[in-house]
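Asker: how would this look folded up:
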Amino acid sequence: MSRSVLVTGGNRGIGLAIARAFAESGEKVAVTYRSGEPPQELTDLGCLAVRCDITDPEQVEQAYKEIEEKHGPVEVLVANAGVTKDQLLLRMSEEDFTSVVDTNLTGTFRVVKRASRGMLRARKGRVVLISSVVGLMGSAGQANYAASKAGLVGFARSLARELGSRNITINVVAPGFVDTDMTRALGEERRAEIAGQIPLARYAEPAEIAASVRFLASDDAAYITGAVIPVDGGLGMGH
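Answerer: Next up is the predicted model:
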């Protein structure tokens, strides 16, 4: 039986790779996207694309209603949607800080809370939050992003304790630097500098992040909850 899977921010980069991995496994996949048009690949894969800004509780509710109508209650949630507004602390505005936290942390709270309703009724569910190596080891100019991604760890571990007796697992994947449009925009010199700090000396492929997410949603991971899985080439070791 294929499950109802939701990937937030599933229209590009890591999110798209995760949606692809689940769709190719035969799951019923829905993705949210905030702006623009979803790529044709999602349609080709049979995915349901739903416009939703996770900073708006009403949009979150409407997205879930559409997904539930077409795919049934969400059984696997991958909270991937996120933003960056990098800036040094003394130049960082209140809006720079609060908007990143509202999307990355509070937005995740919104989508997890809504999904948990159906999971509690079904007495089963899988939730995977996409954090970052930056949330574990920090990064100059990314205090807002790092705080939001670190917050996901405490959020996940609290929910793992709260929901575990209902057979709902909550885990975190913390990617390092991934070969996406965002990192390709850094320029060759900066990309090479970053790669030099990674023990495996390369960027991750989005599919490598997706493989870990799919594992955590599989039967093989039924006894894993509250875990933080680094997929970072060794960059964050010790954190």
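Asker: so who does the spatially most central residue of the chain touch?
Answerer: Nearest to the mean C-alpha position of the chain, counting by C-alpha atoms, centre = their mean, stands residue 80 at 2.0 Å. With contact set as C-beta atoms under 8 Å, 6 or more residues apart in numbering, residue 80 has these partners: 7-10, 14-15, 18, 130. No exception for glycine: its C-beta is placed from N, CA and C like everyone else's.
Asker: which ones among those residues map onto helices?
Answerer: When helices are assigned by DSSP state H, the members of the contacts of residue 80 inside them are 14-15, 18.
Asker: of those residues, which is the most crowded?
Answerer: residue 18 (31 neighbours; other C-beta atoms under 10 Å).
Asker: quick one: the residue lying farthest from the centre of the chain from residue 143, how far?
Answerer: In the chain, counting by C-alpha atoms, centre = their mean, residue 90 sits farthest out from the average C-alpha position, at 28.7 Å. Separation of residue 90 from residue 143 (C-beta to C-beta, to the nearest Å): 11 Å.
Asker: same question for residue 28.
Answerer: 39 Å.
Asker: neighbour count: these two, which is higher?
Answerer: Applying other C-beta under 10 Å to residue 28 and residue 143 shows that residue 28 carries more neighbours, namely 22 against 18.
Asker: lowest-confidence helix or strand of this structure?
Answerer: Least confident helix or strand, the chain: helix 181-184 with a mean of 76, by mean pLDDT, DSSP states H and E.
Asker: before we move on, back to that, doesn't the residue farthest from the centre of the chain lie inside a strand?
Answerer: No. Counting by DSSP: H, G, I helix; E, B strand; the rest coil, residue 90 falls outside a strand, being helix.
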